[in-house]
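**Student:** Structure for this input, please:
(2 chains)
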2 protein chains.
Amino acid sequence: MPSPTPRTQLRRYPVRGSHDRDVVNAILDEGMVCHVGFVADGQPYVIPTAYGRSGDRLFLHGSAASRMLLHLGGGLPVCVTVTLLDGLVLARSSFNNSMNYRSAVILGVAQAVAEPGAKLAALRVISEHLAPGRWEAEREPSEQEMAATLVLELPIAEFSVKRRGGPPVDAPADLDRPIWAGVVPLSLQPGAPVADERTPPGLQPWAWPARRG
Amino acid sequence: MPSPTPRTQLRRYPVRGSHDRDVVNAILDEGMVCHVGFVADGQPYVIPTAYGRSGDRLFLHGSAASRMLLHLGGGLPVCVTVTLLDGLVLARSSFNNSMNYRSAVILGVAQAVAEPGAKLAALRVISEHLAPGRWEAEREPSEQEMAATLVLELPIAEFSVKRRGGPPVDAPADLDRPIWAGVVPLSLQPGAPVADERTPPGLQPWAWPARRG
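**Tutor:** Model (predicted):
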């Protein structure tokens, strides 16, 4: 499916948009939580969840009892959005305040990944996306755990990106107002790792990957 | 409307749920971006945007030409979700990895705030939510800017909260695996403010509020 479609064409601020696959991939790879939108009985629901990407496929996972995943695995339309908040943009007028951000919106239909090898590979993709290097160290899922887990796959085919960067854009008449204007950068940052009670002393904590700042 | 309703009742991990208004308010007040879900032609869309809260009302705003806002102002069902990612939970088995988070999901129908005084007050609420103290310093919206802005109000009436905190929960048989397990705390953090070119030297940048860590 070509992108953009009429459904992913940006009407406003097209300069902030992109349908470049590298751009959408970079956003997906930097984010940690997506927001999944689906419709039940005419009501939209938006639920946060983890995800992972492999090539042009996005994977979601969760309990096999999850209402959302069962719903989506049934072939209903879904929207998956990943948003990175990059900064607060403070202008000289309230109207021109803004935010710097990058967001990716993917539309499509998800399907369950049932074949055991593909399902395990998808779980590894999600795990390595969130915590690179942990998969090898941790115990792999048991047969029972695999059965309790549902994995969905969504093609990254119909998507759009929207983003804003840079300083505030004030009206010329406002530029001499004597207030501070600019950007407060924002990013998701790790704190000091907290080992649980059963971690042997002296073990190095898992290291936050550099690609997430 | 009482909360929970059948639509906001959590089926899985009810211990992680809450319908306490103070809990939902705390999440809304700490977050900066919400994800708005709506349905058009049967397709769900999830779009990130700013918001503000006053009492039991949530405000959204944007361009009067915004497809999403026009759509929602027409009385369609909406879902607004705010998610705070608090940490990566690294267990000894892949299956027990998790995330610490707090999320608030609000269902309802939004309506446009048309009366000029109420509309200006709502814009102030959103501005003060994102950047407390800026409203007084910045130029207020002009009549033309007000006309170009659409403000929506959503009652915080039908909502649910889901959250996870604390260390990983491993299976007893996994506890002796010799790997580090615990939590990597995560939070949205401000960087050093970047003044724009027209800010006079010597002005103090806007100060990030303590309530956001």
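
**Student:** burial count for the residue nearest to residue A:112 when sequence neighbours are not counted?
**Tutor:** Nearest non-adjacent residue to residue A:112, counting by Cβ to Cβ, 6 or more residues apart in numbering or on different chains: residue A:73, 4.2 Å away. Every residue, glycine included, has its C-beta placed from N, CA and C. Other residues near residue A:73 come to 20 when the count uses other Cβ atoms under 10 Å in any protein chain shown.

**Student:** Quick check: buried residues in the longest helix along chain A?
**Tutor:** When chain A is parsed with DSSP state H, its longest helix is helix A:116-130. Buried residues in helix A:116-130, counted by 16 or more other Cβ atoms under 10 Å in any protein chain shown: A:119-120, A:122-130.

**Student:** which outside residues touch it?
**Tutor:** Applying Cβ atoms under 8 Å, 6 or more residues apart in numbering or on different chains, the contact partners of helix A:116-130 are A:29, A:32, A:50-54, A:59-61, A:113, A:134-135, A:138, A:140-141, A:146, A:149, A:151, A:153, B:88, B:94, B:97, B:99.

**Student:** Show me where chain A has its strands.
**Tutor:** For chain A, the strands defined by DSSP state E occupy A:17-18, A:34-40, A:43-49, A:52-54, A:57-63, A:77-90, A:98-109, A:111-112, A:149-155, A:158-164, A:182-190, A:194-195.

**Student:** helices and strands around the helix or strand bottoming out on mean pLDDT in chain A, which ones?
**Tutor:** Least confident helix or strand, chain A: strand A:17-18 with a mean of 74, by mean pLDDT, DSSP states H and E. Using 3 or more Cβ pairs under 8 Å, 6 or more residues apart in numbering or on different chains; DSSP states H and E, the elements in contact with strand A:17-18 are strand A:158-164.

**Student:** So what's the gap between the strand it packs on and the chain middle?
**Tutor:** Put simply, strand A:158-164 sits 12 Å off its chain's centre (Cα atoms, centre = their mean, to the nearest Å).

**Student:** residues in contact with the most centrally placed residue in chain A?
**Tutor:** The structure's chain A has its C-alpha centroid closest to residue A:82; by Cα atoms, centre = their mean the separation is 3.2 Å. Residues near residue A:82 by Cβ under 8 Å, 6+ apart: A:27-28, A:31, A:33-35, A:51, A:103-104.

**Student:** which one of those sits closest to residue A:19?
**Tutor:** Here the nearest of those to residue A:19, counting by Cβ to Cβ, is residue A:104; it sits at 10.5 Å.

**Student:** Isn't the closest one up against residue A:159?
**Tutor:** Yes: the pair residue A:104 / residue A:159 is scored as a contact, 6.3 Å apart, by Cβ atoms under 8 Å.

**Student:** shared neighbours of those two, anything?
**Tutor:** Residues touching both residue A:104 and residue A:159 (Cβ under 8 Å, 6+ apart) are residue A:24.

**Student:** if we can go back for a sec, are any of the contacts of helix A:116-130 buried, and which?
**Tutor:** By neighbour count, with 16+ other Cβ under 10 Å, the contacts of helix A:116-130 hold A:32, A:50-54, A:59-61, A:113, A:134-135, A:138, A:141, A:146, A:149, A:151, A:153, B:88, B:94, B:97, B:99 as buried.

**Student:** Which pLDDT value does the model give the residue nearest to residue A:112?
**Tutor:** Per-residue pLDDT puts residue A:73 at 87.

**Student:** In this structure it contacts residue A:111, no?
**Tutor:** Yes: at 6.7 Å, residue A:73 and residue A:111 qualify as touching, with contact defined as Cβ under 8 Å.

**Student:** give me the number of residues near residue A:178?
**Tutor:** By other Cβ under 10 Å, 9 other residues sit near residue A:178.

**Student:** So for the closest residue to it other than its chain neighbours, what pLDDT did the model give?
**Tutor:** Distance criterion Cβ to Cβ, 6+ apart; nearest residue to residue A:178, sequence neighbours excluded, is residue B:200 at 6.3 Å. Here the pLDDT value assigned to residue B:200 is 93.

**Student:** Relative to residue A:92, how far out is residue B:200?
**Tutor:** Using Cβ to Cβ, to the nearest Å, residue B:200 is found at 12 Å from residue A:92.

**Student:** Please apply the same query to residue A:8.
**Tutor:** Per Cβ to Cβ, residue A:8 is found 34 Å from residue A:92.

**Student:** circling back to that earlier point, may I ask which two of the contacts of residue A:82 are separated the most?
**Tutor:** Pairwise distances across these (Cβ to Cβ) peak at 14.2 Å, for the pair A:51 and A:103.

**Student:** before we move on, back to that, looking at the contacts of residue A:82, spot the one nearest chain B.
**Tutor:** Lowest distance from chain B to the contacts of residue A:82 (Cβ to the nearest Cβ) belongs to residue A:35, with 4.1 Å.

**Student:** is it true that that closest one touches residue B:46?
**Tutor:** Yes: under the criterion of Cβ under 8 Å, residue A:35 makes contact with residue B:46 at 5.0 Å.

**Student:** Name the residues contacting each of those two.
**Tutor:** A:46, A:80-81, B:35, B:37.

**Student:** show me where pLDDT drops low in chain A?
**Tutor:** Regions of chain A meeting the criterion pLDDT under 70 cover residues A:1-3, A:11-15, A:211-213.

**Student:** Count the residues that sit near residue A:101.
**Tutor:** Counted by other Cβ under 10 Å, the residues lying close to residue A:101 total 23.

**Student:** ok, it to residue A:127 distance?
**Tutor:** On the measure of Cβ to Cβ, residue A:101 and residue A:127 end up 27 Å apart.

**Student:** ok, now residue A:157?
**Tutor:** Counting by Cβ to Cβ - residue A:157 and residue A:127 are separated by 24 Å.

**Student:** Kindly report the same for residue A:34.
**Tutor:** Per Cβ to Cβ, residue A:34 is found 15 Å from residue A:127.

**Student:** now swap in residue A:209 and tell me
**Tutor:** 13 Å.

**Student:** Tell me who's in contact with residue A:105.
**Tutor:** Here residue A:105 is in contact with A:8, A:79-81, A:159-162, B:45-47 (Cβ under 8 Å, 6+ apart).
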